[in-house]
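# Any chance you could fold what I've pasted below:
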Amino acid sequence: MKKLFSFLIAILIAVPIISLSDSKKEADYETARSIANFMETHYDVSVLIGSECQSAVKDNSFTLGVKPQGRTPFLNALELYSYTNEIQMVDDAFSIYPPDFFDKFKCDEAPNGLRILIPDQILYEGSSMAGVSTVEDGYYNIFLAVGMFNHLNIHHEIWHAMEFRITADNPHVFDHWTDLNPDGFQYSEDYFGMDIWEQAEPQEDWFARGYSTIDEMEDRATVIEALFRHDPDWWAERPHLQKKLDFLLEAAEPVFGNVYFYE
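Numbering: from 1, shown residues only. Just a heads-up that it's a prediction; the model follows:
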């Protein structure tokens, strides 16, 4: 009888906790949704959160999961992640871009053009990933997984969307990108675990980080990451990377104008 009594007490204690958790999650979603609504009006983009993202996935290379995995696995396991914190980070990142920047993604098929999606989880071959960008039905989609991304990932994925838009106008703009790499270099997923900075002096650096060496598009997106991460002194010691950055700024200018302000 004592065991049964203890079990019933445990249930009575647990139920309010579960209800409170659900209540907090609902309040968090509502707050995040209100920020998303502001972003949709202010930037004239589309923003989807959590389960809203499922209907937008048409690319077979990845799927959306329901268990956030990322910066704080323990808190994710307790479902203490926050949509509000994540969408606020995106809003902060957006504020850096020129006022008419987001208009460049619009088309008749997708009047809002750019679509930001904050799902609980992005899965690629069974592993969680921070972000992915696609173009579907005229929308430039930027997926950013709860708990996995930071402000650099946001700018990384925005560049991918920019690149899709740039090549829509000029498919050959990046044809000579590999001329900026060392002689004989070949992109390969074998480089995935490398950290370039541990292997080269500043004047020898050609890549922003190990992930840059996987393929051309990631190389370019990580150069943009570095722009938001490092000061002018860092760039002055890396002439090869400076040439890559200059190349990207020149490629972006016809479509987007002067997007990135730096000295």
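# outside of stretch 41-54, which residues touch it?
Applying Cβ atoms under 8 Å, 6 or more residues apart in numbering, the contact partners of stretch 41-54 are 29, 32-33, 36-37, 39-40, 56, 64, 83, 87, 90, 94, 102-103, 105-106, 112-120, 139, 143, 146. Every residue, glycine included, has its C-beta placed from N, CA and C.
# could you redo the last one with a cut-off of 7 Å?
In this structure, residues lying in contact with stretch 41-54 by Cβ atoms under 7 Å, 6 or more residues apart in numbering are 29, 32-33, 36, 39-40, 56, 64, 83, 87, 94, 102-103, 112-120.
# go on, stretch 255-263?
With contact meaning Cβ under 7 Å, 6+ apart, stretch 255-263 is reached by 97-98, 101, 104, 162, 165-166, 169, 227, 232, 249, 252.
# 10 Å instead, please
With contact meaning Cβ atoms under 10 Å, 6 or more residues apart in numbering, stretch 255-263 is reached by 96-98, 100-101, 104-105, 155, 158-159, 162, 165-170, 173, 224, 227-228, 230-232, 235, 245, 248-249, 252-253.
# cool, stretch 92-108 as well?
39, 42-45, 112-116, 135, 137-140, 144, 149-155, 157-158, 161-162, 164-166, 168, 228, 252, 255-261.
# and the end-to-end length of it?
Start-to-end span of stretch 92-108 (Cα to Cα, to the nearest Å) is 28 Å.
# Pull out the buried positions in it.
Residues 93-94, 101-102, 104-106 are the ones in stretch 92-108 that count as buried (16 or more other Cβ atoms under 10 Å).
# Just name the closest of those residues to H240, please.
A93 (26.9 Å; Cβ to Cβ).
# Please report the distance of that closest one from K243.
Separation of A93 from K243 (Cβ to Cβ, to the nearest Å) stands at 26 Å.
# now T222
The gap separating T222 from K243 is 15 Å, by Cβ to Cβ.
# What does the nearest residue to G113 once chain neighbours are set aside show for phi and psi?
Nearest non-adjacent residue to G113, counting by Cβ to Cβ, 6 or more residues apart in numbering: F105, 3.1 Å away. When read as degrees, to the nearest 10, the backbone of F105 gives phi -90, psi -10.
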